Structure formats: C-alpha cells, structure tokens
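>>> Predicted coordinates and the sequence they were generated for:
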Number of protein chains: 2
Amino acid sequence: MTVETTPILLDIRQDVALLTAALMDINSVSGNEAALADAVESALRTIPGLQLVRDGDAIIARTELGRPERVILAGHLDTVPLPTVKGSLGTVPSTWESGVPGSGILFGRGATDMKGGVAVQLALAATMFDGGAEPGKDVTFVFYDHEEVEAVKSGLGRLVRNHGHLLEGDFAILLEPTDGTVEGGCNGTSRFEATTVGEAAHSARAWMGSNAIHAAAPILSRLADYEPRTVNVDGLDYRESLNAVKINGGTAGNVIPDRCVVEINYRFAPDKTPDQAEAHVRELLEGFDVVRTDAAAGARPGLNHPAAASFVAAVGAEPKPKYGWTDVARFSELGVPAVNFGPGDPLLAHKDNEHVDADAIRECLRALRSWLAD
Amino acid sequence: MTVETTPILLDIRQDVALLTAALMDINSVSGNEAALADAVESALRTIPGLQLVRDGDAIIARTELGRPERVILAGHLDTVPLPTVKGSLGTVPSTWESGVPGSGILFGRGATDMKGGVAVQLALAATMFDGGAEPGKDVTFVFYDHEEVEAVKSGLGRLVRNHGHLLEGDFAILLEPTDGTVEGGCNGTSRFEATTVGEAAHSARAWMGSNAIHAAAPILSRLADYEPRTVNVDGLDYRESLNAVKINGGTAGNVIPDRCVVEINYRFAPDKTPDQAEAHVRELLEGFDVVRTDAAAGARPGLNHPAAASFVAAVGAEPKPKYGWTDVARFSELGVPAVNFGPGDPLLAHKDNEHVDADAIRECLRALRSWLAD
C-alpha cells in the first residue's frame, strides 16, 4: 500500500530566518528526508522559471536563461541525529532564545548544518524573478539527501551518477556553515595501516620471541617528530595533519605480542593527489609495512576563476581554506571549482547546542542576492 | 540430593608409567578434580603410616616419624582444558604411541603437566614403608586443585590459609615438569599500565588537540632499548624480561586520540621484592603516569640449604633457574625453600600434543626414592 500524503506547505517568501525555523521544524535526520524533500519540491514548483528533476529525496532546479555563466547553489537536506541528552536545545522543533520569532538566536537541529543555508537557497529561488528582474547568471539549485552518513549513500554522489550533465557549471557554492566567510576547496584525506610483526612467546621467556609493540616504537617516534606542512594552493594556506588515530597490539598479559597495528590519518593539501599523499607517508615510514585503506582527493579552491573571484569580492571578507573534507571535492572532480559559504559557526555543527543568529542568515541571503543580480 | 559414588580404584603399586596413564584417564580439568581427588584419597588411606587431611579437592598426607628433616612433595591434580582441535593426541583417555602399555611415549592431557609427577608422588607414598624400611626424612605429600586457573582459586593457597602448619618443612619439591633437572626458585612477575593523555580533536584540525599515541613514543622507545638483566641469585642465573604486552589507543578514524595505554609485564629476578621491581619500572618510565596493576614475588632457589644441596647432589644434573612464576613462590613465602623437579618437557605443557616418555617418569621416581632413603 502506498501512502500518499500532502506535502507540508512552505512559505518560501517569508523572512529567511523564519523560513529556517520552518525547515528545522521538519525532522530530516539522514534517511528520513522525504517529508522535507516533498515540501521543498512543491514550493519550488510554484516558481515558473525553474526546470525541476526529482531523484529519490534529491531535487535539481535550474534556470534556463542562456546566460554565459552558470552558478550552482547546493545544500543537503539531512541532519545528524537529534541530541540524546535530555534538555538539549539542538532538537526539533526549533526554539527562539528571545521568545520572539525571527529575533536573535535560533536553537535546534540543523540550525547551522545546514537549514539556514537551505533557507537561503529557497529564498533566492523564490525571489530571483521578482519585479520582472532576471538574474545575471543562470543558476542550478541542488538539494540532496544523505550527506551526514557514509559516502556511499550520498545523495549528491547519486545525482552525479544519474544526472551529471545537470550539475555542470562554472562555479559552485555549497551553503555549508562558514560563519559568513568564503572557505575554498578542501584538504584530501587518506588512511593507512602500519603493521609490525613479531614472534609470540611466553612473557617469562621473552627472548624466545620478538616484540611487535617494541618494533612499532620508530613508527610513533617518526609521527611524533613529523612537522606537518602548510601548503599554499591558489592563494590559500592549507594546513596538513598526519596522525596516528588508533593503535592496537598484544593478545594477553603473559604473551609477547606478535602484531601491532598503527592506524594513520593523513589530511593532505589539495596540491597532491591521493597517490602523492601515499608516497609521502611511505617515505616517512620507510622500512615498515604500510597499507593504504582509504583515500579521498581534496579540492583546489579555484578562487582564480573569474566567477569565484567576483563572488569573493562581493562577499568582501578574506577567503579561508577548508580543512575538513566536504562535498566541494565532488564538484572539483566534475571540473567545477567550488567553495563553501553559509550562515552559522561550523564548530557548532553536530553539537547538542547547535544554533544560528537570525541576522547571519539574512546577511548571507543579501550577499548572494546582490552577487547573482550582477 | 547428594550423589555418593564409589571412588575409582587406583593401583598405586603398579609401574609408575602405567600409573601415570591411569591418572590421565581420569579427566580432572580445573574445577572438575573431585573424581581424581577421591581416587587419590582412597589409595592413600591404604597406607597405614600416613596422616591424612582432606580439604575440598586437596589432600595432605604426612609421615610422623620424628625425623630431624621434613620434605614436602607437592603436585596439582588439575589440568588445563582438553584440546579443541579434532584429532589432537593430548586428550583423555591417554594413548601409548607404541601400542604397548608402559613402553615409549605416552600422549594425553596431563602427560607432562603433571600427572607423571603425581604418579611419582603416589608411587613414593605406596612403597616408602616397604620391607619394614622407613624413610630417612619425614615426608609431607600435598595434592591440590585449581593450579591452572586464577591465583585466587588456588587449592594450595587455600591449604596455606586453612592448614598452614601442616605445610611447614625444611625443603619442598614441586613435581612440575623440568625434564629431570632441578629448577630452582622462580622469577617474580608484575604488571603495569603506562598511560598517556592528550586532547581529542577532529583529525582534520589536529592542531586543536594533542595526540596521546604520539606521546607514547618514548615509552615504546625506552622499552625497545631496554636491555634486560641477568641476575645471579644463590648461584643460579635468573634472566629477566621487561615487555609491553598490550597497547591500545584511539577511538575513531577521524579523531585525535586523547588516551593511550601500554600494558607492561616485568619478570624480575628473586633478588628483588615487588616494590623494588616497581621502583625499577618507574625509573625507566620516569615522566609517565605508571600504575602497578598486579604483582607476585619471586622465590630464591634456596639451593644453599643442606636438604636442597643434598637433593641436587642426588639428582646429579646441573640445577637451572625457573623463569615462569610457579607455586614454589608460595612455599618461599612460608619460609620453605622449594624447587621444581619432575618428569616431562615443560615446553610441552598445555600443548595439544602433550606427551611424556615412560622412562623419564621411572627415572624421576628412582632419583627421589634413593634420595629419600638416605
């Protein structure tokens, strides 16, 4: 039996901070995005100038004005799970700290990550044709599911596979929280296991065996002594990290350990491919058995592209590098330079006290609207 | 309801190798020693010159001849569990490799650890008053349960608490397998946890935290560089071991680890107390948070005691130090010098192919009988 439900009605022309609260009040924890996707889709269908494609709980909405430049504005609909700590503010529905809707700080799941950004996307779509005006650039709005979970489930990844041509463009902006500055590109990330092998023996006769944990001493020393680099890429300084994130060795309190595994995470600047990053780690851990277990390429900031440059100029604030891996890397793989720019403090994302200032959302909308009109 | 069963009849006057096989055929995995203890008790009750005390599944049997010297002969009745690998020879019942009972190699659980030794104890008890002869020393036979499990369950420990005065003596021999040589005393053992503490952070922004695994590098380096000592105690060379036996750190692949724990096992020569051993480890790991989690004192070999010296001379072979911790340490605590001396290769103990040569059991019996008669 299929249950047909009427989508929740979203007023996407109301104040963008109030719209953010309305979006937050629709629970959309990863895997449960359907109600929000339905509401977004039916709101977008009220705008005559947009071509819509729905794929699962993702939506692509494009202007087709024949402009020389096309800009992509993308955001994910899902959030991380609700707080489990009783009394947390970062939950559903949202709460205005002031008690006055639209004024001051808005608490609730998705406040920063990233229903403020999605509200800005919807507000731009709602008003871009207002007063007979038409934007100076073609725009592709992308709303997608499953960003906060394993990469294999990513709604954006699915859109790339199913509708890659609809994601082409000159420049992409992900409305992830950046506190109102432009964060360009992102570091890549890779994971390795360095393993030492010894020979088990009773610990009362240690000289009959060989200790794999002792053999791992130089791995830890080299990692501890390693000085991570900062690499300038397209004008932004990417700070790298190279760390042991786990270590495990030994089987029993009276047995000389015959195996020790150090798990290493290397966050590398976007001047390197994953293979180059691997070569760097292998060089550092020369003489040890190193296996790469995971890798994702970074993304260059692409701020030398004219569209990106004009956007950075319009925002006004100094652009910064992004350290964590984000979906800008997916656009980068498609050949589309991409940056993050959105309302809210990224350090509050996923926290139990997630919140955003109403004026930060309005300021983000103002900056994007003025740049798009150019 | 109490189930009364008739004890299995043991012929303790038969050939000591055949007696070993008969003992092995009674399953006595730790916790399941009752049937064997019953059989041993009822066999000992047939010898008029012995005073018996039964405590749980342990038995003390003493001569009371008023001799100036008293010797303790002790052995445990339990074995480690049966092999789980199908087709293993080290199981119950026993098997003669030659097919001829009493000839050649005897396979089965307990062959070396230590039903050969228990058979020698019983054979000595059975014949020591034969032909009107009386031994030149008073003898205390001790048979006990729960040696192969946690120390807190030890049957010998229980006897010390309940009947300590019955365990007094000038010299003790544990009939644990030593391949027919005298192994004197034992190393002590102690366990420590060395913990490093860092500060968790996202691994993409490692500089916001501090890496506890990297901080553990000097612990491993010092352990790897450490040269364990060999200490001469009462004429025997005790080789020490100091090893990391486990290491564990880190919580997730994208989090800078805030805790790393190295578990260390120090096997120290019997010239040191556990507190002195601890001071040595603390000195080596100066600057780190070290907690002692376990310790058991070693035992000096006591070979300078006249009874021990005469025993070593009677056996003829060069005495060796014992590296693993054994119950000789319990006698040492009572002020009774103790050695290990029994048939079978100690390296076969607990193995799936545990076995013993029939002649080795006979030779052990011969050596003890001749020394006791002096």
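Received, thanks. Worth saying up front: this structure is predicted, and the values here are computed from it rather than measured.
>>> Which residue, neighbours along the chain excluded, lies closest to A:F311?
Leaving out its chain neighbours, the residue that sits closest to A:F311 by Cβ to Cβ, 6 or more residues apart in numbering or on different chains is A:W371, at 5.6 Å. The way it works is simple: take the backbone N, C-alpha and C, and place the C-beta from them, glycine included.
>>> Show the pLDDT at that neighbour.
Per-residue pLDDT puts A:W371 at 89.
>>> how about it, what does it touch?
Contacts for A:W371 (Cβ atoms under 8 Å, 6 or more residues apart in numbering or on different chains) come out as A:S310, A:F311, A:A314, A:V315.
>>> Can you tell me which of those residues are classed as buried?
Buried by 16 or more other Cβ atoms under 10 Å in any protein chain shown: A:F311, A:V315, out of the contacts of A:W371.
>>> doesn't the residue nearest to A:F311 fall inside a strand?
No - assignment of A:W371 by DSSP: H, G, I helix; E, B strand; the rest coil gives helix, placing it outside any strand.
>>> Tell me the spacing between it and chain B.
28 Å (Cβ to the nearest Cβ, to the nearest Å).
>>> Over to A:E363?
As judged by Cβ to the nearest Cβ, A:E363 and chain B stand 25 Å apart.
>>> do the same with A:L166
Applying Cβ to the nearest Cβ, the value for A:L166 to chain B is 30 Å.
>>> Tally up the residues packed near the closest residue to chain B within the stretch 1-150 of chain A, please.
Relative to chain B, the nearest point of the stretch 1-150 of chain A is A:E150 (12.3 Å; Cβ to the nearest Cβ). As a burial measure, A:E150 scores 8 neighbours (other Cβ atoms under 10 Å in any protein chain shown).
>>> for A:R62, same thing?
Neighbours of A:R62 (other Cβ under 10 Å): 20.
>>> got the phi/psi numbers for it?
A:R62 adopts backbone torsions of phi -120, psi 140, taken as degrees, to the nearest 10.
>>> Could you give the bridge partners of it?
A:Q51, A:T140 (DSSP bridges).
>>> give the contact list for it.
Applying Cβ under 8 Å, 6+ apart, we find A:R62 in contact with A:L50, A:Q51, A:D138, A:V139, A:T140, A:F141, A:L166.
>>> which one among those gets closest to B:L124?
A:L166 (92.7 Å; Cβ to Cβ).
>>> Could you find the closest non-adjacent residue to that closest one?
In this structure, A:L166 finds its nearest non-sequential neighbour in A:I60, 5.1 Å apart by Cβ to Cβ, 6+ apart.
>>> could you check the distance from that neighbour over to B:S42?
From A:I60 across to B:S42, the span is 89 Å (Cβ to Cβ, to the nearest Å).
>>> need the contact list for the residue nearest to A:L166.
For A:I60, the contacting residues are A:L52, A:V53, A:T140, A:F141, A:V142, A:L159, A:H163, A:L166, A:L167, by Cβ under 8 Å, 6+ apart.
>>> which of the contacts of A:R62 count as buried?
Using 16+ other Cβ under 10 Å, the buried members of the contacts of A:R62 are A:L50, A:D138, A:V139, A:T140, A:F141, A:L166.
>>> my guess is the last one contacts A:L52, does it?
Okay, so that is A:L166. No - assessed by Cβ atoms under 8 Å, A:L166 is found out of contact with A:L52, at 10.6 Å.
>>> A:P83 is in contact with A:T91, correct?
Yes - in this structure, A:T91 is within contact of A:P83 by Cβ under 8 Å, at 5.7 Å.
>>> Show me whatever sits in contact with both of the two.
Listed contacts common to A:T91 and A:P83 are A:R109; contacts here mean Cβ under 8 Å, 6+ apart.
>>> on that earlier part again, how is the residue nearest to A:L166 assigned, secondary-structure-wise?
strand.
>>> Could you report the distance from it to A:I72?
9 Å.
>>> What about A:N340? Give its phi and psi, please.
phi -100, psi 140.
>>> can I get the contacts of A:R62 in CSV with distance to A:T79 and pLDDT?
Converted to CSV, these look like this (distance: Cβ to Cβ, whole Å; pLDDT from 0 to 100):
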residue, distance to A:T79, pLDDT
A:L50, 25, 94
A:Q51, 28, 95
A:D138, 30, 93
A:V139, 25, 95
A:T140, 23, 97
A:F141, 19, 98
A:L166, 25, 96
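>>> Next, format those as JSON lines and append distance to A:P321.
Putting the contacts of A:R62 into JSON lines (distance: Cβ to Cβ, whole Å) gives the following:
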{"residue": "A:L50", "distance to A:P321": "33"}
{"residue": "A:Q51", "distance to A:P321": "34"}
{"residue": "A:D138", "distance to A:P321": "28"}
{"residue": "A:V139", "distance to A:P321": "26"}
{"residue": "A:T140", "distance to A:P321": "25"}
{"residue": "A:F141", "distance to A:P321": "26"}
{"residue": "A:L166", "distance to A:P321": "29"}
